[in-house]
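> Give me a model of this one.
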Amino acid sequence: MRLRAAQLRQPGPAPAAGEGSGPIDGTGDTGGGDPELATACELFAEVVGAGPVGPDDDLFAAAGDSLMAMNLMAIARKRFDAGGASLPDFLAEPTPRGLLAVLRAAEPPPVEAADRSVPHPGQPGVDQEAALRACSSGPPGRPSQGGG
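Below is the predicted model:
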């Protein structure tokens with residue numbers, strides 16, 4: 001995977017006390033006003049292994065790396081049911097707020113079309129014995145392997 005120049009973070013001066021956005025910087029803001037943002041902050045802190053994380057704390061400034069970013073995205077996709085969320089989009093702003101924006105903008109994951117041609121014994125309203133016979137007889141047009 002190629003990184004764009006905008007995705008590379010340049011080291012900069014550390015913010016003065018109280019200038020940052022999160023608990024690492026001493027302000028105590030963990031996205032408490034928005035439950036989804038608070039969840040993103042918690043996931044972020046869990047993956048990075050840091051204490052409380054603020055909504056604008058940078059993954060790479062908090063000693064994170066690209067593997068942590070991939071892991072965080074995988075966990076967040078499942079937690080927020082956002083299978084279409086893009087890792088490169090997250091890397092453009094690797095903060096809990098950026099993560100949440102990517103998750104919210106993601107297309108929902110494709111729904112697999114279930115094969116309803118053969119009744120499944122677990123389907124509601126299906127005669128269990130008939131479904132089991134249909135499943136054991138094999139695909140339509142093929143003789144049963146049971147011999148009998």
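> alpha carbons only for contacts and neighbour counts from here, please
OK.
> Identify the residues contacting Arg104.
With contact set as CA atoms under 8 Å, 6 or more residues apart in numbering, Arg104 has these partners: Ala82.
> Secondary structure class of it, three-state.
helix (DSSP: H, G, I helix; E, B strand; the rest coil).
> Give me the pLDDT for it.
Looking at Arg104, its pLDDT reads 94.
> try the one 3 residues further on
On the pLDDT scale, Glu107 is placed at 77.
> Helices along the protein, start to end?
35-48, 66-80, 87-92, 96-105, 128-136 (DSSP state H).
> Confidence-wise, which of those helices is weakest overall?
helix 128-136 (a mean of 66).
> about what we covered before: adding distance to Asp58 as columns, could you present the helices of the chain in CSV?
Output for the helices of the chain, formatted as CSV (distance: least, CA to CA, whole Å):
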stretch, distance to Asp58
helix 35-48, 10
helix 66-80, 11
helix 87-92, 10
helix 96-105, 8
helix 128-136, 53
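> Can you tell me which of these is nearest to Pro55?
helix 96-105 (4.9 Å; CA to CA).
> what's the closest of the helices of the chain to Asp56?
helix 96-105 (6.1 Å).
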